[in-house]
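J.: based on what follows, work out the 3D shape:
(chains A and B)
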Amino acid sequence: MSEQEPIIVAFVCNWCTFTAADLAGTSRQKYPPNVRLIRMMCSGMVDPKYVLKAFFEGADGVLIGGCHPGDCHYINGNYKARRRVALTKEVLAQYGLEEDRLWLRWIGASEGNVFAETIREMTEKVKALGPTELKKELVA
Amino acid sequence: MEDRIGFYVCHCGSNIAGKVRVEEVRDYIAGEPGVAVARDNLFMCSDPGQEMIETDIREQGLNRVVVASCSPRMHERTFRAACQRAGLNPYEAFHMVCIREHCSWVTEDENEATKKAIDLCRAGIHRVPLQYPLDAKVVPVNPNVLVVGGGIAGMQAALDVASAGFKATVVERQPTIGGHMLQYDKTFPTLDCASCIGTPKMVSVGQNPNIELLTYSEVEAVDGYVGNFRVRVRKKARYVNTDSCTGCGECAEVCPVTRPNEWDEGLKERKAVYRSFPQAVPITFAIEKKDRAPCVLACPAGINVQGYVQLIGQGRYEDAVRLIMERLPLPGVLGRVCPHPCEAQCRRAEVDQPVSICRLKRAAADRVDLQSLPKPEIEERDERVAVVGSGPAGLSAAYYLRLKGYRVTLFEALPLLGGMLRAGIPDYRLPPEVLDREIDYILGLGVEARTETRLGLDFTLSDLKDQGFDAIFLGTGAHLGMKLRIPGEDELDGVVDAVDFLREVNLGRGGAPGRRAVVIGGGNVAVDAARTALRMGCEEVRIVYRRTREEMPAYEEEIEEALAEGIEIHYLTAPVRIQGKDGRVTGFDCIRTELGEPDASGRRRPVPVEGSEFTISCDAVIPAVGQRPDVSWVREEDALPLTRWSTFEVHPDTLQTGLDGVFAAGDAVTGPATVVEAVAAGRRAADALHAYLQGGDLSSWELTPAVPEQTGEWAEIPEGTAPEARAEDELLPVEGRAASFGEVSLGLVEAEARREALRCLNCGVCSECMACVEACKVGAIDHSARDEIVDLDVGSIILATGFNLIDPTPMTRFGYGKYPNVFTSLEFERLTNATGPTSGEILVRDAEGRFDRPPESVAILHCIGSRDVNYHEYCSRVCCMYALKYAHLIKDRVGEQTAVYNFYIDMRCFGKGYEEFMNRVQGEGVKLVRGKAALVTDKAEDPEEEGRLIVIAEDTILGKMMRVPVDMVLLCTAMEPREDALDVARMFGLSLGRDGFFLEEHPKLEPVSTASAGVFVAGACQGPKDIPDTVAQAKGAAGEAISLSAFGKVEVSPMTSFIDPDLCSGCQTCRELCAYSAIEFDARRGVSVVNEAKCKGCGSCAAHCPSGAAKVSHFTDRQVFAEIEGLMA
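T.: Prediction:
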């Protein structure tokens, strides 16, 4: 992977998307190496400042993976995640970050293929966007 | 303290090392700050691997450990335990990095995989120093176990739990336990009889003192956590007391309502009160009820319409009449003159036409001699009630008051009783004998009647009080006709109001109004007056109405009959004046109208067309434009409040007038309305009077006891219900009909009535005819039963909710639902079962759907909905074997000459003795054709195929298409998840697999555990499986539950939230966010506080806290930040 390869930091729910990522591995689904998982107990635990932190540290994209609506292990954490993401996207714009760099996806525990496909799509998308303004500043 | 981190990277054989250069990772991490030791090992999870960590902790003084290997979901616990053994707090010391599932297995390129692994490991190294000690909480475990589902899996699990000495509660949705297995006849490959091995299990479950059985029940809510669940169960009302029901079945004998029996896959029928099958556990019956039928809800009097219709269908007219009379004392009258709003709501109209309910009521009433009915037992009371007016309201009030024991006296102004029923409705619609019969019955109960006694003329309200009446009911009706308000109306001879005209004729005092009569109006009274005038000898009768026939309020059949009798109706015609000569009517001036804008009543207002006046030559004019009550008797000192329409003002619920103890109902309150409304109001008033006389406080008096919530859920209309003509009354021939007062409608003949009653769709399922109550000798039936809520405290839960079979109807090429001899597997199981529709004989159906002859040849089609990407990709695992079982049973029972074909994709006979069974069945001459059937058709191509089903398939071994004519086709339908699996999964905190079945925690190592600690799965709810596998898994799940119960305590995660009181601003935002209400507010300190016992550690509060006071242990901002920094460094 060259230095220009984008990095996606993924905050994933232990009960669904993390398990889906395990399943993608167990079933040997290949996907781009650009993603780095951070395990959370719930998507509703993802503080907007984690997202900002990841971008400030040089991430090119951030993925939040949660349970499908209605399936949250903690009743309704994913709904809270959805509202937070909507607000965080507003903030991102202030830093010159395109809102497409932050993805919220519902990926159930049995959806290893969906996880792999999401990473493929997102990597492509983030590559197309190029480095973030923040990263350019960091490099300069 | 200085960080001393030990880093261990696992090869996992070649699983990791095959893609990630493990040594490079080790060497890179060795250079990170704080790392004291960095090692690699072939299998870190092995004993030597764990030993290595423990030794390093002790000898190298490590205080932190990072292991990079598989997913933490796999081995986090293993390594935490190793750290703990070596004296470290595992939550403080240990972090696990996944470089297998998330790295080596998913990455193509070795360089990229290695770089990714290094990034992931570095994140762990950055995070681990910021972790701090946490102590796992140990909570006690409630030893009781909940088992959801009473099939073979649930029964086995419950029995195992019980035999370990713990209490199990089985919740089963059906009225009996047993599940699918008990629907089968034989089980493969041993051909054990399913009943023989299944019913003893059922009995054991039913009798085991450690097992509580909640059948006909469903779990509604689950709260709590492992060891301490609280489960709310709804015990649906069975309406049959399980303690006293002996299972004798007398109730089902008399029940008039027939339904397809689900247990027999609809191949057999059952009653609304039923038991799935004779060996059911519990053996008690249950009554299926839906919402009240729409006809019942529509009836103003609330008569149990469905009930009496069903009883009529059974020819039980006396029972029907008694049921009607619970709400209405005049069945014969209403069976003739009711406007039947019930029929407008009848759901039979969705198929063809509403059931002829009103006619049926008459049919029942005409066949019962009221005098022969057993006299109701009346408990006499001392109080006396005066009922003034003997119309429908008064008769109804008198009847129900008398039944309650009051001494009732009826006062009637006219010489005969009946009010408008007598004076208003002509005899050809309501023969006086019918009315007399029903009035006589009421009087026969001990009601005194005083005729020709008019209120205001012969007595006053205060007289009644003086005579010792304790309460008064006024049902004085609306007997005054309204005026036309046109010239000529008041002064000319030959103008007679319709109400007066009808009364005189009905009382036998009237004569013909003239030779040529004009009736003005469009209601029933107008039509009645016109037809009566005709019968009194008028040569020519016309009706003049301002609007069109569509707006005419008279009943459709009345209008039809009037027209048939030769009455002419002038629509869109308004009266102008009545012409006269020498004080006699000579003609009637009218004007044409057209319909304009709708008026207040919603009907379009007739507008006169200028210059369109014309004259009808006539000698009698009969206005029928409305009625109002005669209140001329009301004197000022009576202080009886009236409305501006001269009706009595009454309280809407109690029907009490402004005078204490004086109640009123009927037309006198509502203005002219229907008979059934008057009857209903009379009954209501009787209830209110009763409450009044018993000294009740009417201000808080409730009109009716709270009715169960209306759900609008009714029995489904069975598919393929054929349209049937609605029974119509036979009418007197038109010729000569208008010359007499003989009843025009002759009613339904008995066979017609019973056939008509059977058109009823039984919307409410149970019709509440109460026949079962009478039949039950032990008094076990209670129609007023309500659902019960049972709260259970349990420590663990076993879900054994089973499976459904796919409905093959949408796969039209197999002809299911189209050809009567295409069956699903479960239907065939019932055909072979001794308690099934054919008592175990394998038969096919004739054109009428009756099972009548054995098949000469049978095709068994495998993989219907399984191994099919259009339906279910998975294999259902049991079909090959039961298909062989079917083949054997057919050969065995129908005869070995019977040709049996199996159309298969692959034969999957994987279990113990399975392959041997296949060989045996092949030896019996069963033909196995490799190739999935493509089509089932009845289009014959040669004489041999005529009248049979032809299966078309490719034999993929021979490589050619074949057509096989057979008499019976069996579809091996796929097993699929229950329709509500997702809801159940959510309720219990489970995930669903891609196939829709419950997801186990690990497909190999944790086959019965789930994402929710303490919740286990067993049987086909987790995936298709046969009985041996199901039982094995049930025993496994029971083992898990028993170990929790036996150990008595369990560790729960210490990763809960906490709020730093120094930072908390007391905004309480977190309290609203918490889904578990785990955050309380300490008003004294002005801060929010987490209740750890309730907190599950989801972190909603932490993510939102504006001041950063709320945190989740093990997921603090610093820890997550460090992980991010490590990743990106």
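
J.: what about the strands in chain A?
T.: Using DSSP state E, the strands found in chain A span residues A:8-13, A:35-40, A:61-66, A:102-106.

J.: which one of the ones you listed lies closest to B:Tyr132?
T.: Relative to B:Tyr132, the nearest member of these by Cβ to Cβ is strand A:35-40, separated by 18.1 Å. Where C-beta positions appear, they are placed from N, C-alpha and C, glycine not excepted.

J.: so where's the stretch 1-150 of chain B shaky on pLDDT?
T.: By pLDDT under 70, the stretch 1-150 of chain B has no low-scoring segment.

J.: and it, which residues reach chain A?
T.: Within the stretch 1-150 of chain B, the positions near chain A by Cβ under 8 Å from any Cβ of the partner chain are B:71-73, B:98, B:100-103, B:105-109, B:111-113, B:115-116, B:119-120, B:123.

J.: if you set the cut-off to 6 Å instead, what comes out?
T.: When proximity is defined by Cβ under 6 Å from any Cβ of the partner chain, the stretch 1-150 of chain B lies next to chain A at B:Ser71, B:Arg73, B:Glu101, B:His102, B:Trp105, B:Val106, B:Thr107, B:Glu108, B:Glu112, B:Lys115, B:Lys116, B:Asp119.

J.: and the last one, what is it in contact with?
T.: Contacts were defined as Cβ atoms under 6 Å, 6 or more residues apart in numbering or on different chains; by that measure B:Asp119 touches A:Arg36, B:Leu1127.

J.: ok, now the third one?
T.: With contacts defined as Cβ under 6 Å, 6+ apart, the neighbours of B:Glu101 are A:Asp22, A:Gly25, B:Ser71.

J.: any idea how far the residue nearest to it when sequence neighbours are not counted lies from B:Arg877?
T.: Closest residue to B:Glu101 apart from its sequence neighbours, by Cβ to Cβ, 6 or more residues apart in numbering or on different chains: A:Gly25 at 2.9 Å. Going from A:Gly25 to B:Arg877 by Cβ to Cβ, to the nearest Å gives 26 Å.

J.: looking at the two, which one has more neighbours?
T.: Legend: neighbour count by other Cβ atoms under 10 Å in any protein chain shown for A:Gly25 and B:Arg877, higher for A:Gly25 (26 against 18).

J.: can you list the buried residues in stretch B:545-559?
T.: Neighbour-count burial for stretch B:545-559 flags B:Tyr545, B:Arg546, B:Arg547, B:Glu551, B:Met552, B:Ala554, B:Tyr555, B:Glu558, B:Ile559 (criterion: 16 or more other Cβ atoms under 10 Å in any protein chain shown).

J.: sorry, that was for stretch A:81-96
T.: Result for stretch A:81-96 [16+ other Cβ under 10 Å]: buried residues A:Ala81, A:Arg82, A:Arg84, A:Val85, A:Thr88, A:Lys89, A:Leu92.

J.: ok, it near chain B or not?
T.: No: residues of stretch A:81-96 contacting chain B under Cβ under 6 Å from any Cβ: none, with a closest distance of 6.7 Å.

J.: distance from the chain centre to that stretch, please.
T.: A distance of 13 Å separates the centroid of the chain from that of stretch A:81-96, by Cα atoms, centre = their mean, to the nearest Å.

J.: how long is stretch B:510-521 end to end?
T.: For stretch B:510-521, the first-to-last residue distance is 21 Å (Cα to Cα, to the nearest Å).

J.: what lies in contact with it?
T.: Residues from elsewhere that reach stretch B:510-521, judged by Cβ under 6 Å, 6+ apart: B:494, B:496, B:504, B:526, B:529-530, B:533, B:536-544, B:575, B:588, B:616, B:618-625.

J.: which positions within it qualify as buried?
T.: Applying 16+ other Cβ under 10 Å to stretch B:510-521 flags B:Gly510, B:Ala512, B:Pro513, B:Gly514, B:Arg516, B:Ala517, B:Val518, B:Val519, B:Ile520, B:Gly521 as buried.

J.: what's the burial count for B:Asp638?
T.: B:Asp638, neighbours per other Cβ under 10 Å, totals 17.

J.: residues in contact with the residue in the stretch 151-300 of chain B positioned nearest to chain A?
T.: Proximity of the stretch 151-300 of chain B to chain A (Cβ to the nearest Cβ) peaks at B:Asp223, 10.9 Å away. Neighbour list for B:Asp223: B:Arg230 [criterion: Cβ under 6 Å, 6+ apart].

J.: distance between the helix or strand where it lies and the chain's centre?
T.: Assessed by DSSP states H and E, B:Asp223 sits inside strand B:217-225. Between the centre of strand B:217-225 and the centre of its chain there are 20 Å (Cα atoms, centre = their mean).

J.: beyond it, next helix or strand please.
T.: Criterion used, DSSP H and E; the element after strand B:217-225 is strand B:228-235.

J.: ok, residues contacting the lowest-mean-pLDDT helix or strand in chain A?
T.: When each helix and strand of chain A is scored by mean pLDDT, DSSP states H and E, helix A:133-139 comes last, with a mean of 76. The contact list for helix A:133-139, computed with Cβ under 6 Å, 6+ apart, reads A:Phe55, A:Gly58, A:Gly96.

J.: spell out which parts of chain A neighbour chain B.
T.: A:1, A:15, A:21-22, A:24-25, A:28, A:30-31, A:33, A:36-38, A:41-42, A:44-45, A:47, A:50, A:53-54, A:57-58, A:74-77, A:80, A:109-110.

J.: buried subset of the residues you listed, written for ChimeraX?
T.: To isolate the buried ones among the residues of chain A next to chain B in ChimeraX, judged by 16+ other Cβ under 10 Å, type:
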select /A:1,15,21,22,24,25,31,33,36,37,38,41,42,44,45,47,50,53,54,57,58,74,75,76,77,80,109,110
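
J.: before we move on, back to that, and which of the buried residues of stretch A:81-96 is nearest chain B?
T.: Out of those, the member with the shortest distance to chain B (by Cβ to the nearest Cβ) is A:Arg84, at 6.7 Å.

J.: where does pLDDT dip in chain A?
T.: For chain A, the ranges with pLDDT under 70 are A:1-3, A:138-140.

J.: tally of neighbours for residue 11?
T.: Unless you meant another one, I'm taking chain A. Around A:Phe11 there are 26 residues (other Cβ under 10 Å).

J.: that's the other chain; I wanted chain B
T.: Counted with other Cβ under 10 Å, B:His11 comes out at 19.

J.: my read: it touches B:Glu23, true?
T.: No: if you go by Cβ atoms under 6 Å, B:His11 and B:Glu23 don't touch, sitting 9.7 Å apart.

J.: centroid-nearest residue for chain B?
T.: B:Glu713 (4.4 Å; Cα atoms, centre = their mean).

J.: SS state for that one?
T.: For B:Glu713, the secondary structure call by DSSP: H, G, I helix; E, B strand; the rest coil comes out as coil.

J.: so who does it touch?
T.: B:Lys290, B:Asp291.

J.: from chain A, how far out is it?
T.: To chain A, B:Glu713 is 23 Å away according to Cβ to the nearest Cβ, to the nearest Å.
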